[in-house]
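Student: can't give you the sequence, but here's the structure:
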């Protein structure tokens, strides 16, 4: 198999995911391809590219939300609406994680932007003044 650019590989994987191909099989084959062609260091960028392609083509966004404490249902809905508006997306999926070191606030990461309103970052910015 010829070597594909990261962007072409991301487009292929995104299209296969949209077709409903088994996620497990597709990821296994993609990982094997990356290893075989010496592109394993591109995995994180590839994931970001795939997510961005899916968002553009299919109106969906997968966002990472990091908070100091678990999200309430109300806050989760507000964050989903915020991401939907900012990313102009019909479908938003949130991967939540808790990092108590944030102290308060949250960080939202999407394929195209990062929104950081954490107390930790605000304190760091104050120290830099």
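Tutor: Yep, it's here. Being a predicted model, the structure only gives us computed values, none of them experimental.

Student: give me the low-pLDDT residue ranges for this protein?
Tutor: Applying pLDDT under 70 to the chain flags residues 1.

Student: which residues of it fall in strands?
Tutor: Ranges of strands in the chain, per DSSP state E, are 60-67, 91-98, 106-109, 114-116.

Student: For these, give me a markdown table that also has distance to residue 40 and mean neighbour count.
Tutor: (C-beta placed from N, C-alpha, C; glycine too.) Listed next are those as a markdown table, based on distance: least, CB to CB, whole Å; neighbours: other CB atoms under 10 Å:
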| stretch | distance to residue 40 | mean neighbour count |
| --- | --- | --- |
| strand 60-67 | 22 | 20 |
| strand 91-98 | 22 | 14 |
| strand 106-109 | 22 | 18 |
| strand 114-116 | 25 | 14 |
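
Student: want to try a markdown table for those strands, with distance to residue 20 as columns?
Tutor: Formatted as a markdown table, the strands of the chain follow (distance: least, CB to CB, whole Å):
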| stretch | distance to residue 20 |
| --- | --- |
| strand 60-67 | 14 |
| strand 91-98 | 15 |
| strand 106-109 | 26 |
| strand 114-116 | 30 |
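
Student: Thanks again, I'm all set now.
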